[in-house]
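# The sequence isn't on hand, but the structure is:
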């Protein structure tokens, strides 16, 4: 067991080390989040937003920022020509797990920054925030678990262009609809029982995507 | 793959003609808003079933490709996916005509409509992915992986979320997940008609898939 997770840990450390060395991805991403929030603020910032609009905008910014940030790990390996070295070092599932962990951290970071910048720029509506934050984190995890595998597909394609969002958005439609249901139910009286259904759907979604991508990654990474 | 026998094509032709004739002639319960359009259940619903059937064929062939790395399976998966998109399109069109009569608009972002559209987007993305890879075996591997990955998410689109979110299709939560209202009244006959129609459309789907596969094989040989 330990021999399986040892390389994963090494690879995760390598991802973070490379990221801290250049800080291109992280700074670009933070700027992207801030610019998208500022753009929203220019257009609707002068009025007090109602609950559905406020959260609709948060999900919108979260999805577009993830589209920008989460394809980077695999595409960078392909661009720098380091994929072959990676193949020598570890088994496919170990490589995938390390990338998945890095993307999870990155999408959590996007969620946190987005959340605070929305709070900073807007007058926030009254809802049960603890439940909403739980949903935000679950959503970030679900996005990362869905898109990491798609990023590995995109990194091997010849014309990358807009391929990543094209492949990801249709698969995320059920996710978006579940998350919107989640925020809608955050205002209800009996929050726990209202959130049970979207919660179980989200957990099932994360489980299915993670399992399927670990199984399928063996076939495309060789 | 051999072409389907002429007996098969005759059977499908006569079977579906009979479905159309009996679907129009047999009595149907008079439900307030639906009225005579309830007959559309023999065409709209079976087409979506046929779509799921050919997409399952596509899934199976992608799976076989990843196991055996034989490019003929990739062509089979592609052909089945294109037939599936055709059935998805006809399902949406027949549904939109029906929705115009019963709900007053062609399209109203009912969850089932939205998610069905999402399903078509997934397979459009599948074909875009195929266009953006040049090497045939790499194209086959990547698109097979995407096909498998999106197929395991299909239950969420087709079965889970339409039963969770409020909507106008039968089976939405505010009706308590009730059955289709067409099924009230003369139940058994309608069920028999519906399932025979499903069988007919699935057989038609297999026929189209067979033609499509042989066509792509020929085009491939010419290149």
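Right, received. Where do you want to start? Because the structure is predicted, anything quoted here is derived from the model rather than measured.
# any low-confidence regions in the chain?
Reading this off chain A. Counting by pLDDT under 70, chain A contains low-confidence ranges at A:1.
# I was thinking of chain B, sorry if that wasn't clear
Low-confidence regions of chain B, defined by pLDDT under 70, span residues B:171-186.
# Let's see that with 50 instead.
Under the criterion of pLDDT under 50, the regions of chain B flagged as low confidence span B:175-178.
# tell me which parts of it are close to chain A?
Along chain B, the residues adjacent to chain A under the rule Cβ under 8 Å from any Cβ of the partner chain are B:66, B:111, B:114-115, B:118-119, B:121-122, B:124-125, B:128-129, B:132-135, B:138, B:141-142, B:144-146, B:148-150, B:152-153, B:156-157, B:160-161, B:164-165. For every residue, glycine as well, the C-beta is placed using N, CA and C.
# Would you list the buried entries among these?
B:66, B:111, B:114-115, B:118-119, B:121-122, B:125, B:128-129, B:132-133, B:141-142, B:144-146, B:148-150, B:152-153, B:156-157, B:160-161, B:164-165 (16 or more other Cβ atoms under 10 Å in any protein chain shown).
# Can you tell me how far residue B:141 is from residue A:148?
Taking Cβ to Cβ, to the nearest Å as the measure, residue B:141 and residue A:148 are separated by 18 Å.
# mind listing the helices for chain A?
The residue ranges that make up the helices of chain A, judged by DSSP state H, are A:2-22, A:24-44, A:51-69, A:72-80, A:83-89, A:92-121, A:129-156, A:163-185, A:191-220.
# So for residue B:49, which of those helices sits nearest?
Residue B:49 lies closest, by Cβ to Cβ, to one member of the helices of chain A: helix A:163-185, at 20.4 Å.
# got the contact list for residue A:50?
Taking Cβ atoms under 8 Å, 6 or more residues apart in numbering or on different chains, we find residue A:50 in contact with residue A:125.
# whoops, I mixed them up, residue A:142
Counting by Cβ under 8 Å, 6+ apart, residue A:142 has contacts A:175, A:202, A:205-206, A:209.
# Out of those residues, flag the one nearest to residue A:155.
Distance to residue A:155, by Cβ to Cβ, is smallest for residue A:209 among the contacts of residue A:142, at 17.8 Å.
# Tell me who's in contact with the closest one.
Going by Cβ under 8 Å, 6+ apart, residue A:209 touches A:142, A:145-146, A:149, B:149, B:153.
# repeat that with 6 Å
Taking Cβ atoms under 6 Å, 6 or more residues apart in numbering or on different chains as the contact definition, residue A:209 lies against A:145-146.
# How about residue A:148?
Contacts of residue A:148 were listed using Cβ under 6 Å, 6+ apart, and they are A:99-100, A:103.
# again with residue B:105
The contact partners of residue B:105, by Cβ under 6 Å, 6+ apart, come to none.
# Apart from its chain neighbours, what residue comes closest to residue B:49?
On the basis of Cβ to Cβ, 6 or more residues apart in numbering or on different chains, the spatially nearest residue to residue B:49 that is not a chain neighbour turns out to be residue B:198, at 4.7 Å.
# how close does that neighbour get to residue B:21?
17 Å.
# Would you mind telling me which of those two has more residues around it?
A direct count of neighbours by other Cβ atoms under 10 Å in any protein chain shown for residue B:198 and residue B:21 places residue B:198 higher, at 19 against 10.
# Can you name the residues in contact with stretch A:30-37?
Stretch A:30-37 has contacts (Cβ under 6 Å, 6+ apart) with A:61, A:65, A:68, A:113-114, A:117, A:121.
# Any of those buried? List them.
With burial judged by 16+ other Cβ under 10 Å, the buried subset of the contacts of stretch A:30-37 is A:61, A:65, A:68, A:113-114, A:117.
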